[in-house]
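Q: could you look at this predicted model? Sequence included:
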Amino acid sequence: MKRIMLCTLIENRTIAEDTLLMVLKADPVALADFEPGVFVNVRIMDSDSPLLRRPISVHETDIEKGMLKLIYKVVGEGTRKLSEKKTGEIVDIFGPLGTGFPIQSDAKSVILIGGGVGIPPLYELGKRLAEKGVTVTTVLGARNSEGLFCLEEFGTLGRVVTATEDGSHGVKGFVTDAIKAEDIDFDCLYACGPKPMLKAIDIEYRGKKEGYLSFEERMACGIGACYGCMTKTKDGLKRVCKDGPVFSLGEAVYE
Amino acid sequence: MKRIMLCTLIENRTIAEDTLLMVLKADPVALADFEPGVFVNVRIMDSDSPLLRRPISVHETDIEKGMLKLIYKVVGEGTRKLSEKKTGEIVDIFGPLGTGFPIQSDAKSVILIGGGVGIPPLYELGKRLAEKGVTVTTVLGARNSEGLFCLEEFGTLGRVVTATEDGSHGVKGFVTDAIKAEDIDFDCLYACGPKPMLKAIDIEYRGKKEGYLSFEERMACGIGACYGCMTKTKDGLKRVCKDGPVFSLGEAVYE
Amino acid sequence: MSSEMLKVDLPGLSLKNPVMPASGCFGFGKEFAELYDLNILGSIMVKAVTRDLREGNQMPRLAETPSGMLNAIGLQNPGIDGVEEEMKWLERYDIPIISNVAGYTEDEYAYVAERISKVRNVGALEINISCPNVKKGGITFGTDPDVAYSLTKRIKEVTGKPIYMKLSPNVTDIAAMARAVESGGADGITMINTLVGMRLDLATGRPVLANGTGGLSGPAVKPVAVRMVYEVYKAVKIPIIGMGGIRNAEDVLEFLYAGASAVAVGTANFVNPFVCRDIIEELPGVLRKYGFSSVKDAVGYSHRLGGR
Amino acid sequence: MSSEMLKVDLPGLSLKNPVMPASGCFGFGKEFAELYDLNILGSIMVKAVTRDLREGNQMPRLAETPSGMLNAIGLQNPGIDGVEEEMKWLERYDIPIISNVAGYTEDEYAYVAERISKVRNVGALEINISCPNVKKGGITFGTDPDVAYSLTKRIKEVTGKPIYMKLSPNVTDIAAMARAVESGGADGITMINTLVGMRLDLATGRPVLANGTGGLSGPAVKPVAVRMVYEVYKAVKIPIIGMGGIRNAEDVLEFLYAGASAVAVGTANFVNPFVCRDIIEELPGVLRKYGFSSVKDAVGYSHRLGGR
Ligand SMILES: Cc1cc2nc3c(=O)[nH]c(=O)nc-3n(C[C@H](O)[C@H](O)[C@H](O)COP(=O)(O)OP(=O)(O)OC[C@H]3O[C@@H](n4cnc5c(N)ncnc54)[C@H](O)[C@@H]3O)c2cc1C
Ligand SMILES: Cc1cc2nc3c(=O)[nH]c(=O)nc-3n(C[C@H](O)[C@H](O)[C@H](O)COP(=O)(O)OP(=O)(O)OC[C@H]3O[C@@H](n4cnc5c(N)ncnc54)[C@H](O)[C@@H]3O)c2cc1C
Ligand SMILES: Cc1cc2nc3c(=O)[nH]c(=O)nc-3n(C[C@H](O)[C@H](O)[C@H](O)COP(=O)(O)O)c2cc1C
Ligand SMILES: Cc1cc2nc3c(=O)[nH]c(=O)nc-3n(C[C@H](O)[C@H](O)[C@H](O)COP(=O)(O)O)c2cc1C
Ligand code: FES
Ligand code: FES
C-alpha cells in the first residue's frame, strides 16, 4: 500500500564521489510491500521550495531491522539538501511507487546491469534472486572508477564485472562491451541506468533474451495521475511512475 | 559595521510560552559594534521560502565569550522554523542594524518598560546602564504570567515590577498602570513593546520626561533602502530599520 | 455539525464540502482512490477531455521552479470515448464530477461539451479556455473577451448542464474576461489556470520543457490567484471556484474571503498526496478559529468589511 | 581577462559588467555603500522619481509570499529636487546611473525626464510605466500599447539621453507592448516589473497590505520573467535589461540566454545584501563553465539554437 512514512534518519554517508547511502528507520509492515525495483518519492524539506518530491529507487529493504536504504547522487538542489540531513532527522517518504522488476521463477542465471545511479535498485533484486538459488552476475558501469560503488555488496551475490569509459576499472568501454568481453551467459537480464545504456542493451537483446529495463523520467505525482512522466512504447504512451519504471525488453520506442 | 555572520548555534531553548532563547557563537570583533537596542536580520533557511530575513532584537552580547543572544516568540512560519534549529547548526545573521537606545549620561534613574517580545532588547541596555551606576527599574507587562520572562535577569539590574492584563502576576492592568500604582520615580524611560503600549507611554510622558521608544514594522532590506518600513513622525516619514527602531518620546505620530 | 458547516450549493453541484482536486492533477481519480476514499471530496475536476485521443507534448513535460512548477502536458487524454469509460468507473462514488472540456475550435468544444453532458455523474462542465500548453486554439479563447463570450454562448446552447468557464491569468484585465463569460451565460467561473512560464537549461541552452513554455502553478502563484479572484468577485454575480497554490485549510479560507465559493487543489496533491483529505479534515477547525460557523459565511468576507 | 569578458555596451551605458541593482531595491545607493564599494556594479537603477515629494502608501507595505514578496511602496520619493541631490552624492562613483522616472500624467513624466536628463552621471532613463502600486496613471501606461507608444515618443522629444521603457508583466501580450515602445523610439527595454498580487489577513479579513494589492517579486516570478524576456527578444531589436527573481550567477546566465543584454537584481538584495557583489564575482566562472568567453556571446543564445 502506498503511504507516507515519516522515517527517522539513521545514517547518511558518502560511499562514492557525490554519492550517499541513506539508511532510514521504517515500519516493517509498510516495508513488506516493497518489491525490488520500486521507488519512493522523498520530500526534501518542510518548505514550499524545493516543492516537488524527488524519486529515488529503493536500494535495499531490511524488514527484520525495519530499515530502508536509498543510494543517491548529489546532482542538484534537492539531492544536495538531502545530503545535508543529519542522524535523527525525520524524512518524509511516500511509497512504494511503481511497478518493479518481475522475479522470474524459471531463469537459472541472470545478469544485473547497472550504470551510475542505476546501480542501487538492482541490489534488492539480486538479493532475492540469489536467495532463490539463481546464479547472479552483476555488470556495473560508470565513467571512471570513482563512479562505481557497491562492488562488495554485489560481490556477495555472485560474480561482479565492471566497465569504465576511461578504463580506470575493469573493462574499458560500456557495460555492453563488458558483457561481450567477459562472455557472460544468462537467461534473463535486468538493467537500470542512463537511457543511452538502456537503449543499447534493448537493441542488442530484444527478441533474443528475456529482460527488464528500468527507466527514469521527470515526475510530479509519482502515482500515475498527472501524465508528466510518459514514455513511448509500442503500445502507446505509458507512465514511467505507474506502468513502469520497469519495462520489458522491446517495449520502449526510442526517438 | 554591518556584516553577514555565520554563527554556530549553541543553544535554542524555550524560556516561556512559545518563547525561545537562542545563543549564537559570534566573532567578538563584530560584536563590539553592537549597541543596545539594535537588531539583526536572521535568515531562516538556505532556501527560497521563507524568503525574507526576520528582524530580531539583540537581547545580549557577550564580547568576552563571543556570544550573541536573541529571544524570540514563535508566531509564524519563520519563527517556527527558527525554533526547530539544533545545536551545531549555522545561522546566517545580518547586523547590527538600526539605531539603538541612546545611553543618557546624566540620568540618575531610568525605567525600562517591556511588553511581550519587547522585553529582550531592554536587557543589554539595562546591563550597560547599571554598569554605569544608574538606578534601573524594570517594568514588564504581558497578557498573563505565561507571557513574562527574564524576570530574574532583570532582577540583577535592580527592582522589577510586573503587570498582567489578567492580574495573574503583579499589578492587574497595563505597564502604565503599574508605573503609577508603584509610584516609580525616574529621569528617563526606555520602552519596547506593542504599538498601543508605546502610544500610551508616549502620550503620558511626552513633554514631561526624557524617553525612548523602540518600534516594529514589517521589513525587507533592514538597512533603509527599500522604504518598506516607514513610520510617521513629526518630521515626516522615517525608516524604522535605519532611523529607528528607537525614536524619542514625542517623535512618533499616531493615527 | 461540521458536515453542515462545510456544505456548498453551486449550479449543478451540491457539494459536501468546498474542496476538490483541480483538473489535470488528479487524473480521473483512480490513482488517488488507492490512497483514500474519494467520497470525502466535494467534487473532482477530472483531466481535460478533447474529441479525439491526444498524445500531448514531448518529454520533459515538467520542471520545478521556486515554490512552483511548470507543466506542459499538452492535453494528453484518451478522447471523449475513453473518458466516458473513466466516468463510469467514477459512478461508484457519490460525488458530482466536474468535467474539464478542451478543444482547438468552437466546434470541437461544442461537440465534446454536448457528449460529456449526457454522462450521468457529470454535475457541471469546466470549459478550459485557458490551457497555455497547446500550440493553437486554446489560449486565444481565454485571452480575448469577445471570443470567450461567443464560445460560452455556443456551449450553453448544446448542454443542459451548468458550465463553469476556466479563466486564464495571462491577461491584462481578468474582470473583463469574467464579465464576458457571464454575459455569454456561464453559470460559474473557475480560476486561475496556470501562468505562462519558461526555464532554460544552462547546459544545452534549450528550454527545459520540450514544449518551450509551460504553465506555472503551486504556492508561487497564490498571491496572483487571490488578487484575481478578489477582482472577479467584484465584477460578476456568478459563483467562483478558486484555485492557485492552495496547500492547506488556511489557504482555502483566504480564497473564500477573496470571493471563491469553493476551491480546487492542484499542485499540492503532488507534494502531499493526502492534501485534499487533510484540508477537509482541518477546515472546520480553521473556520471556527476565525469565527465562522459555515463556509458560506466566509465567502466574500473581505468584500463586506468597510474601510481601506 | 574576466573584466573584458563582462563588459557590456548599451545605449548610454558603457558597463563594466551586466549586473545592477533593480529600481526600488537599492534606494539611491547610500545604504549599500556601507556594505561594499559600489564601483564594482555595472550600473545602479535608482528609486523612482516623480515631480514632487511623495509619501507613498500606508503601512504595511510589505508581505511575504512563497518564494516571493509583495510590496506596495507607492513611489515614495523626495521628488525631482531631492533626487538631484542624491545623484550628486553618487558622482563619487565611476558608474553610469539609470534613473527611474515615474508620473501620473504624460506631462509629469516629460517634466521629470527632461530635468533628470540634465544630471551628469545619469547614463540613461528607465521609464516606469508599470508600477502597479499607484492608484491612478502608472499602470495604464504599461498595459495599453497605444498609450505606451505615445508616452515613449513624448519622452524622446524632451531628453537627449537614451530611454529604457520598463514593461509590466500584467498584460496579455508582452511582445505587443515591446513593439509599441520600440516604434515610439525607445532605446531599450527593462523588464519585468512586478506581478499584481494580494494577500488577505485571516484574522482581520483585510488585505495584508494597506494598499490592498501589491507587486509580486522574487524567485517565484522568475519563470514568468524568463518567458517574457524570451518573447520580447524575438519581437524587437532594441536591447533588454532583464530582471525578475534573479539571485545568483546561474540565473543571470538564464536571462542572457533568453535575450537580456544585462540584468538587474531586486528582491535578492534583501535576502543577501551582498548578492550583486557575489554575482559579479561568480559570473566569469559560470560563463566559462558553460563555454562562453564573454557575456555578449551568451546574449540570446537560446534563440540561436535550432530545433524545438
Ligand atoms: C524512478 C526513478 C528512480 C530514481 N532513482 C534514483 C536513485 O536511486 N538514485 C539517484 O541518485 N537518483 C535516482 N533518480 C534520479 C533522481 O530522481 C534525480 O537525480 C533527482 O530528482 C534530482 O533532484 P535534484 O533536486 O538534486 O536535481 P535538480 O536538477 O535540481 O531537480 C530539479 C527537478 O528535476 C527533477 N529531476 C532532475 N533529474 C532527474 C532525473 N534524473 N530523473 C527524474 N527527475 C529528475 C527533480 O526531481 C526535480 O523535480 C531516480 C529517478 C527516477 C525517475
Ligand atoms: C526591529 C524589530 C525587532 C524585533 N525584535 C524581536 C524580538 O527580539 N523578538 C521577537 O520575538 N520578535 C521580534 N520582532 C518581531 C519579529 O520580527 C516577528 O515576530 C517575526 O518576523 C515573525 O516572523 P514569522 O515568520 O514567524 O511570522 P509571519 O507572520 O509568518 O511572517 C511573515 C512576514 O511578516 C513579517 N512580520 C511578522 N510579524 C512581524 C512583526 N511583529 N514585526 C516585523 N515583521 C513582522 C515577517 O518578518 C515576515 O516577513 C522584531 C521586529 C522588528 C521590526
Ligand atoms: C500537471 C498539471 C496538469 C494540468 N492540467 C490541466 C487540465 O488538463 N485542464 C485544466 O483546466 N487545468 C489544468 N491544470 C491547471 C490546474 O487545474 C490549476 O488550474 C492550476 O494548476 C493552479 O492550481 P494549483 O496551483 O493548485 O496547481 C493542470 C495543472 C498541472 C500542474
Ligand atoms: C520593494 C520594491 C520596490 C520597488 N520599487 C520600484 C520602483 O520604484 N520603480 C520600478 O520601476 N520598479 C520597482 N520595483 C520593481 C523592481 O525594480 C523589479 O522590477 C522587480 O522587483 C522584479 O525583480 P526582482 O524579482 O529581482 O525583485 C520595486 C520592487 C521592490 C521589491
Ligand atoms: S509522475 Fe505523474 S503520471 Fe507519472
Ligand atoms: S526595511 Fe527597507 S527601508 Fe526599512
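A: Thanks, I have the structure now. Ligands and ions are numbered 1, 2, ... in the order given.

Q: and whatever residue of chain C ends up closest to ligand 1, what does it touch?
A: In chain C, no residue comes nearer to ligand 1 than C:Glu64, which is 4.1 Å away by Cβ to the nearest ligand atom. Bear in mind the C-beta positions are built from the backbone N, C-alpha and C, glycine included. With contact taken as Cβ atoms under 8 Å, 6 or more residues apart in numbering or on different chains, C:Glu64 is in contact with A:50-52, C:70.

Q: for whatever helix or strand A:Ala178 lives in, buried residues please.
A: Using DSSP states H and E, A:Ala178 maps to helix A:175-181. Judged by neighbour count using 16 or more other Cβ atoms under 10 Å in any protein chain shown, the buried positions of helix A:175-181 are A:175-179.

Q: could you export the residues you listed as a markdown table, including distance to D:Leu38 and pLDDT?
A: Formatted as a markdown table, the buried residues of helix A:175-181 follow (distance: Cβ to Cβ, whole Å; pLDDT from 0 to 100):
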| residue | distance to D:Leu38 | pLDDT |
| --- | --- | --- |
| A:Val175 | 56 | 92 |
| A:Thr176 | 58 | 91 |
| A:Asp177 | 58 | 90 |
| A:Ala178 | 59 | 91 |
| A:Ile179 | 62 | 91 |
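
Q: burial of the closest residue to chain B within chain C, as a residue count?
A: Using Cβ to the nearest Cβ, C:Pro66 is the residue of chain C that sits closest to chain B, at 4.1 Å. In terms of burial, C:Pro66 registers 28 neighbours under the definition other Cβ atoms under 10 Å in any protein chain shown.

Q: for D:Met191, state which of the contacts of C:Glu64 is nearest.
A: Here the nearest of the contacts of C:Glu64 to D:Met191, counting by Cβ to Cβ, is C:Leu70; it sits at 19.3 Å.

Q: contacting residues for that closest one?
A: C:62-64, C:197-199, C:208-209, C:213-216, D:223.

Q: what distance do you get for the residue of chain C closest to chain B to ligand 3?
A: Using Cβ to the nearest ligand atom, to the nearest Å, one obtains 14 Å as the distance from C:Pro66 to ligand 3.

Q: could you list the low-confidence segments of chain C?
A: Chain C contains residues with pLDDT under 70 at C:1-2, C:131-139, C:306-308.

Q: report whether the longest strand seen in it contacts ligand 3.
A: Of all the elements of type strand in chain C, the one with the most residues (DSSP state E) is strand C:122-128. Yes - judged by Cβ under 6 Å from any ligand atom, strand C:122-128 comes into contact with ligand 3 through C:Asn128.

Q: adjacent strands (with direction) for that strand?
A: Within its sheet, strand C:122-128 is paired with strand C:97-101 (parallel), strand C:163-166 (parallel), according to DSSP bridges.

Q: dump those strands into JSON lines; add distance to B:Ala191 and mean neighbour count as well.
A: Listed next are the strands paired with strand C:122-128 as JSON lines, based on distance: least, Cβ to Cβ, whole Å; neighbours: other Cβ atoms under 10 Å in any protein chain shown:
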{"stretch": "strand C:97-101", "distance to B:Ala191": "56", "mean neighbour count": "29"}
{"stretch": "strand C:163-166", "distance to B:Ala191": "54", "mean neighbour count": "28"}
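
Q: and ligand 4, which of those is closest to it?
A: Comparing those by their distance to ligand 4 (Cβ to the nearest ligand atom), the top pick is strand C:163-166, with 27.9 Å.

Q: which parts of the stretch 1-150 of chain A are helices?
A: Secondary structure of the stretch 1-150 of chain A, counting by DSSP state H, counting those that start in this stretch: helices at A:28-31, A:77-83, A:121-131.

Q: ignore what I typed, I meant the stretch 151-255 of chain A.
A: Along the stretch 151-255 of chain A, counting by DSSP H, counting those that start in this stretch, helices occupy A:151-155, A:175-181, A:195-205.

Q: and if you look at chain C?
A: If you assign secondary structure with DSSP state H, the helices in chain C sit at C:2-6, C:30-33, C:79-90, C:106-117, C:139-143, C:145-158, C:174-183, C:222-235, C:249-258, C:268-271, C:275-289, C:295-298.

Q: ok, which of the ones you listed comes nearest ligand 3?
A: If we rank the helices of chain C by Cβ to the nearest ligand atom, the stretch that ends up nearest is helix C:268-271, at 5.8 Å.

Q: is the closest one in proximity to ligand 5?
A: No - applying Cβ under 6 Å from any ligand atom, one finds that helix C:268-271 is not in contact with ligand 5, the shortest distance being 7.4 Å.

Q: so who does the residue located most distally from the centre of chain C touch?
A: When distances to the mean C-alpha position of chain C are computed (Cα atoms, centre = their mean), the maximum falls on C:Ala203, with 34.9 Å. C:Ala203 makes contact with D:Tyr290, according to Cβ under 8 Å, 6+ apart.

Q: where's it relative to D:Val229, distance?
A: C:Ala203 is 19 Å from D:Val229, where distance means Cβ to Cβ, to the nearest Å.

Q: got it, and A:Gly155?
A: When distances are taken as Cβ to Cβ, A:Gly155 and D:Val229 turn out to be 53 Å apart.

Q: do the same with C:His303
A: Taking Cβ to Cβ as the measure, C:His303 falls 36 Å from D:Val229.

Q: more neighbours, those two?
A: It is D:Val229, of C:His303 and D:Val229, that has more neighbours when counted by other Cβ under 10 Å, with 30 against 13.

Q: neighbours of the closest residue to C:Tyr109 other than its chain neighbours, how many?
A: Once its chain neighbours are removed from consideration, C:Tyr109 has its nearest residue in C:Gly103; the separation is 3.9 Å (Cβ to Cβ, 6 or more residues apart in numbering or on different chains). Look at C:Gly103: counted by other Cβ under 10 Å, it has 27 neighbours.

Q: am I right that C:Gly103 is in contact with C:Arg115?
A: No - in this structure, C:Gly103 sits apart from C:Arg115 without contact. The criterion is Cβ atoms under 8 Å, and the distance is 11.8 Å.

Q: show me what contacts the residue of chain C closest to chain B?
A: In this structure, C:Pro66 makes contact with A:49, B:48-49, C:220, D:67-68, D:218-220, D:222, D:245, judged by Cβ under 8 Å, 6+ apart.
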